[in-house]
Each structure stands twice: as structure tokens, then as C-alpha cells.
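A.B. asks: what's the 3D shape of this:
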Amino acid sequence: MKTLDAMICIGCVILVSIGQVMLRLTSKNAILSTGGISAWINITSILAISIYGSAMLMWLWILGRVPITQAFAFFGLSFFIVPFLANKFLGDPINKFTWIGASIILVGILVSNISNT
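C.D. replies: As a prediction, this is how the structure comes out:
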């Protein structure tokens with residue numbers, strides 16, 4: 001896999017992870033609101049969906065260049081990024097077992113991509 005392709009895969013994962021945390025923020029706020037459906041439609045949810053859309057376009061482009069077996073392995077990085085962002089920005093709890101599991105996944109990403117080169 002070329003460096004550019006790997007960077008785009010990582011960019012997709014980062015965007016999707018940011019979108020996940022933003023959707024969680026929207027959901028937390030909407031649950032506490034009495035505003036009905038309008039509580040779910042706000043700037044945070046619109047930005048989250050826009051970020052997801054951008055990531056999808058990048059993903060479609062990368063799938064034209066890289067076998068999905070290599071590209072999809074990068075999404076395992078979200079097991080690091082989402083908990084980190086959720087902890088930092090939402091105060092979600094995190095423990096050492098999350099990091100241990102994410103580290104095992106990272107090894108799998110490395111193995112699957114090294115063996116495909």
C-alpha cells in the first residue's frame with residue numbers, strides 16, 4: 001500500500017471517529033431535551049453527518065485504489081480514537097482493558113497489512 005493510500009485510510013478513520021463522538025454528544029443532549037425531533041437536528045448532528053459524508057467520499061476513492069482487505073483493517077484504529085475522544089470531550093469512562101484490547105487490534109492491523117505487501 002502506498003503511503004498516500006494509508007494516510008487517506010487513516011484520515012477516513014479519524015473523520016468517522018470524530019463523527020461518532022459528535023453523534024454521541026447530540027444523543028446525550030437530545031435525551032435530556034423536551035424539544036422532540038428538533039432536539040436531534042442541530043448544528044452538531046449536521047456537522048457529524050457532513051463529516052461522515054466526507055469520510056464516505058474518501059472511502060469510495062480509496063476502494064478504487066486499494067483492496068478492501070487492506071483498507072478496512074485501518075478501521076480498527078477507531079478502537080483507539082473513539083474512546084480517547086469520548087473520554088476527552090464527553091467524559092466517558094475508559095479503563096486499561098480498553099487500551100489492551102485496542103493494542104491487540106493494532107497488532108492485527110499491522111500483521112494484515114504487512115502480509116499483503
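A.B. asks: give the contact list for the residue nearest the centre of the chain.
C.D. replies: Nearest residue to the geometric centre of the chain (CA atoms, centre = their mean): residue 17, 2.5 Å. Contacts for residue 17 were tallied using CB atoms under 8 Å, 6 or more residues apart in numbering; they are 77-78, 81-82, 85. Where you see a C-beta, it was placed from the backbone N, CA and C, and this is true even at glycine.
A.B. asks: if I look at residue 31, how far off is residue 87?
C.D. replies: 20 Å (CB to CB, to the nearest Å).
A.B. asks: Those two: which has the busier surroundings?
C.D. replies: residue 87 (14 against 9; other CB atoms under 10 Å).
A.B. asks: element containing the more buried one, please.
C.D. replies: helix 78-90 (DSSP states H and E).
A.B. asks: any low-confidence regions in this structure?
C.D. replies: Applying pLDDT under 70 to the chain flags residues 32-36, 113, 115-117.
A.B. asks: And the helices in this structure?
C.D. replies: Assignment of helices within the chain using DSSP state H yields the ranges 3-32, 43-63, 68-71, 78-90, 96-114.
A.B. asks: buried residues in stretch 81-95?
C.D. replies: 81-86 (16 or more other CB atoms under 10 Å).
A.B. asks: Stretch 37-49 too?
C.D. replies: 39-40, 42, 44-45, 48.
A.B. asks: what does stretch 95-104 give?
C.D. replies: 98, 102.
A.B. asks: No further queries at this time; thank you.
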